[in-house]
Every structure is written in C-alpha cells, then in structure tokens.
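Visitor: Got a sequence here, can you build the structure:
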Amino acid sequence: MYNRTFVVTEESINRKWYIVDATGHTLGRLSTEVANVLRGKKKPIYTPSMDTGDYVIVINADKIKVTGKKLEQKIYYHHSGYVGGMKETTLKELLKKHPERVVEYAVKGMLPKGPLGRKIYKKLHVYAGPDYEQAAQKPEVLEIVEKNC
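Guide: This next block holds a predicted model:
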C-alpha cells in the first residue's frame with residue numbers, strides 16, 4: 001500500500017575494481033572521471049552522504065599530459081611543520097620525481113573534504129608504470145573518452 005524509501009546500507013553496496021590507463025589523457029579530465037567513479041555518482045544508489053563508489057587503479061601516471069604552460073607555472077606547496085618550512089615544487093619537477101602524486105593530488109581535490117572524503121580516497125591506487133599490485137581483484141578496464149573542446 002505504501003511506497004518504501006530505499007536506504008543504502010554497507011551490505012547493499014556492490015563494489016567493483018576498475019583500471020584506467022592514463023597514457024595520453026589530460027590530467028583534469030581523467031581526474032574528474034576517476035573522482036566520479038570513486039564517489040559512485042554514476043550508480044543508481046548514489047547517496048551524497050555515503051561511500052557508494054568503486055575502487056580505481058590508475059596506471060602509467062607518468063604519461064599523463066597537461067595543456068598550456070602548466071608544466072612550468074603550476075606550483076604545488078607543502079609545509080614541513082617548522083618555521084619557514086614552506087616548500088614549493090613545479091608540476092614538471094613533480095612529474096619527474098613522483099608522477100603518481102600528480103594524479104593523486106588532482107583526484108583528492110575533487111573529493112569531499114572531511115572523514116567521507118578520506119574514506120573514499122583510500123580506494124584510489126595510482127602507479128607510475130604499467131605494473132600494479134591488485135591483479136588478484138581482476139579489475140575491469142574503464143574507458144575514458146575525452147571530448148575535444
């Protein structure tokens with residue numbers, strides 16, 4: 001007689017593993033798609049206050065591309081915790097030393113802030129090369145189609 005509202009529980013969430021090859025993809029467009037999958041926004045059971053997303057593995061992060069003058073002009077900051085401990089590094093330097101961090105920082109900035117965002121972020125695995133550790137999970141290939149703007 002009455003319609004019941006479906007409420008998502010942890011038991012009702014079916015999580016999958018996806019693998020994305022970052023070769024030739026633009027950083028921002030790839031990060032947006034990965035963040036949406038991590039968040040679960042494409043699922044019919046999406047709930048903003050819950051983690052309904054899937055696991056994502058990003059490989060070949062060192063082959064990502066950026067547009068414009070971002071390689072020289074984009075700057076990442078971090079602080080050591082000591083007085084005068086502000087450090088800065090450009091995107092070009094970060095791609096040489098730690099290419100996986102570039103994708104991690106971009107995706108992390110697109111996730112919600114707080115405990116929910118930290119929980120979602122733990123489902124992201126980024127690797128600089130083609131090898132990854134989660135082969136036992138049998139991840140499905142996630143195709144990301146970039147639209148030319």
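Visitor: Which stretches in this structure count as helices?
Guide: 27-39, 70-73, 91-97, 99-109, 115-121 (DSSP state H).
Visitor: Make CSV out of those helices and add mean neighbour count.
Guide: C-beta: built from backbone N, CA, C; applies to glycine. Conversion of the helices of the chain to CSV gives the following (neighbours: other CB atoms under 10 Å):
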stretch, mean neighbour count
helix 27-39, 20
helix 70-73, 12
helix 91-97, 15
helix 99-109, 19
helix 115-121, 14
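Visitor: Tell me which of the ones you listed sits nearest to K138.
Guide: Of all the helices of the chain, helix 27-39 sits nearest to K138, with 16.6 Å by CB to CB.
Visitor: tell me the mean pLDDT over that closest one?
Guide: Averaging pLDDT along helix 27-39 yields 96.
Visitor: ok, now stretch 64-71?
Guide: On average, stretch 64-71 scores 95.
Visitor: Can you give me the buried ones in that stretch?
Guide: 64, 66 (16 or more other CB atoms under 10 Å).
Visitor: now do the same end-to-end measure for that stretch.
Guide: This stretch, stretch 64-71, spans 11 Å end to end (CA to CA, to the nearest Å).
Visitor: Other residues contacting that stretch?
Guide: Residues from elsewhere that reach stretch 64-71 (CB atoms under 8 Å, 6 or more residues apart in numbering): 22-27, 30, 74, 90-92, 95, 99, 102-103.
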